[in-house]
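>>> the following comprises the amino acid sequence and a computationally predicted model.
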Amino acid sequence: MQITEPVTMLTDYALGAVNLFFTISILTKLHSRNKVSGLLLLLGFLAQTIAGFAGGTYHGFAAEVTPHTLRWLWNVTLLAIGGTIAFLASGIHAADVHKDNGNWILAAIAIGVAGLGIQFTGFRSHQDFNHNDIFHVIQIAAMFLFFRGVSRLEDRPYSPR
């Protein structure tokens, strides 16, 4: 069995594993004061978990699977990334975010955007460590900061209009 991009596969799987930990952590912190925001955040971290594992499988086993399976894996990866953004943004919108939490969230977003900048450059620091790998490592750091900012959020108070 040939692994096509071993470092990219490993960094993708690491991203998936870290987000699985965040998903489980959010699950254990669900309670009556964060039913909506907590569930949305949990779904966001779960979607990022799926994206990491599907992306790692895509990059690692491209030579071993059929073109149809490869397209399916890439579509799952992209849909999960979209779901990540949608669920995490919705979770923040549903939450009562204060300055201390907001600073962590903003730092995570800034680092994630910087990582995307590197991703788009196609930068290679080494033959086996490319722009995808750097992005995955930066994304792990960004997701940690994001988790730090959202892990104690509660739902915003209901106010009928």
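On my side now, so go ahead. Numbering: from 1, shown residues only.

>>> going forward, measure contacts and count neighbours with C-alpha atoms only.
OK.

>>> what is the top helix by length along the chain packed up against?
Using DSSP state H, we find that the single longest helix of the chain is helix 67-94. Other helices and strands packing on helix 67-94, by 3 or more CA pairs under 8 Å, 6 or more residues apart in numbering; DSSP states H and E, are helix 35-60.

>>> quick one on the thing from earlier: now do the helix or strand following the longest helix of the chain: distance to the chain's middle.
Where DSSP states H and E defines the elements, the next helix or strand beyond helix 67-94 is helix 99-121. Its chain's average C-alpha position is 12 Å from that of helix 99-121, according to CA atoms, centre = their mean, to the nearest Å.

>>> just stretch 151-161 next, same as before
The chain centre lies 24 Å from the centre of stretch 151-161; the measure is CA atoms, centre = their mean.

>>> please name the nearest non-neighbouring residue to the one residue sitting closest to the centre of the chain.
By CA atoms, centre = their mean, the chain has its centre lying nearest to Q48, at 3.6 Å. Nearest in space to Q48, with sequence neighbours left out and distances taken as CA to CA, 6 or more residues apart in numbering, is T84 at 5.5 Å.

>>> didn't I50 look like it was pressed against L79?
No: here I50 does not reach L79: they are 9.6 Å apart, not a contact under CA atoms under 8 Å.

>>> look at those two and report which has more neighbours.
The residue with more neighbours, out of I50 and L79, is I50; 25 against 15, by other CA atoms under 10 Å.

>>> if I look at that one, how far off is Y13?
Noted for I50: a distance of 10 Å to Y13, by CA to CA, to the nearest Å.
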